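# Pasting the sequence and the predicted model now:
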Amino acid sequence: MRTKPILPLFLLATMLVVPITCAKPAGYNYDARVFVGTGEMWAMQKFGWTHEQAHDYLGLYAHDKLVMKWNAEWDRGNAENWNNPPYNAYETNEWNGAFPGGSGEIWHYKIKWVGGSHIDGEPSLDGGYYIWGQFEVLLDHGTVKGDAHDFLAHALPNGFGIPP
C-alpha cells in the first residue's frame, strides 16, 4: 500500500505562500520599537518625503533592506529632546543590500547615548566614534560586495552596558 506524500506537499505549499506574505515590510512598529523595511521606506515615513526625494537622498542605498531596533530610553530621550539625562538609550541599525538591485553592501551599527558635546566623527577612547553630539557608535561593521569585513568602529566593551 502506497501513502501519499502529504508532508512534502505541505512544505512546498508553505514555501510558496510564506515568502509572499512576508515580502511586504511593515515599516515602523512603535509598540515593538522596530522598523523593518527599505531605506526608501524609512526616509518616506520619517520625513514625509516622496519616493523621488527619498531615492535622491539615499542614492544606491534606497532599496537596501533596513532593520532598526531601539529601547524605551531612546524613545524617552527623543520625547525630551535629550535634555533630561541620564539615559541608557541605544539602537541598532542593520542595512542589507546584498541582493540584485541593492547596493551590494551589508552594514551593522550599534549606537548608544553617552552625553556630552562631541564632534561628529571624533574617535572615542574605547574604539568607537561620536555622532549627533551626544552619541557613540560602538560598532560600525560591514562588507562591500562580499569582500573582507571592514570595522570602522569596534569599541571595547561593545555592549550597551547596564542601566544606571
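Nice, thanks for sending it over. Numbers count the residues shown, from 1 in each chain.
# ok, the residue lying closest to residue 119 once chain neighbours are set aside - contacts?
Spatial nearest neighbour of residue 119, excluding adjacent residues (CB to CB, 6 or more residues apart in numbering): residue 130 at 6.5 Å. Glycine gets a C-beta too; all of them are placed from N, C-alpha and C. Neighbouring residues of residue 130 by CB atoms under 8 Å, 6 or more residues apart in numbering: 114, 118, 119, 120, 121, 122, 123, 124, 136, 137.
# Report the spatially nearest residue to residue 38, omitting neighbours in sequence.
residue 63 (5.5 Å).
# That neighbour: how many residues sit nearby?
When neighbours are defined as other CB atoms under 10 Å, residue 63 has 17 of them.
# Confirm for me that it is in contact with residue 101.
Yes. Residue 63 is in contact with residue 101 according to CB atoms under 8 Å; the separation is 5.5 Å.
# Below-threshold pLDDT in this protein: ranges please.
Within the chain, the stretches with pLDDT under 70 are 1-25, 162-164.
# can you give me the strands in it?
Taking DSSP state E to define them, one finds strands in the chain at 27-29, 34-38, 65-70, 90-96, 105-113, 129-131, 135-144, 150-154.
# Against which helices or strands is the longest one packed?
Applying 3 or more CB pairs under 8 Å, 6 or more residues apart in numbering; DSSP states H and E, we find strand 135-144 packed against strand 105-113, strand 129-131, strand 150-154.
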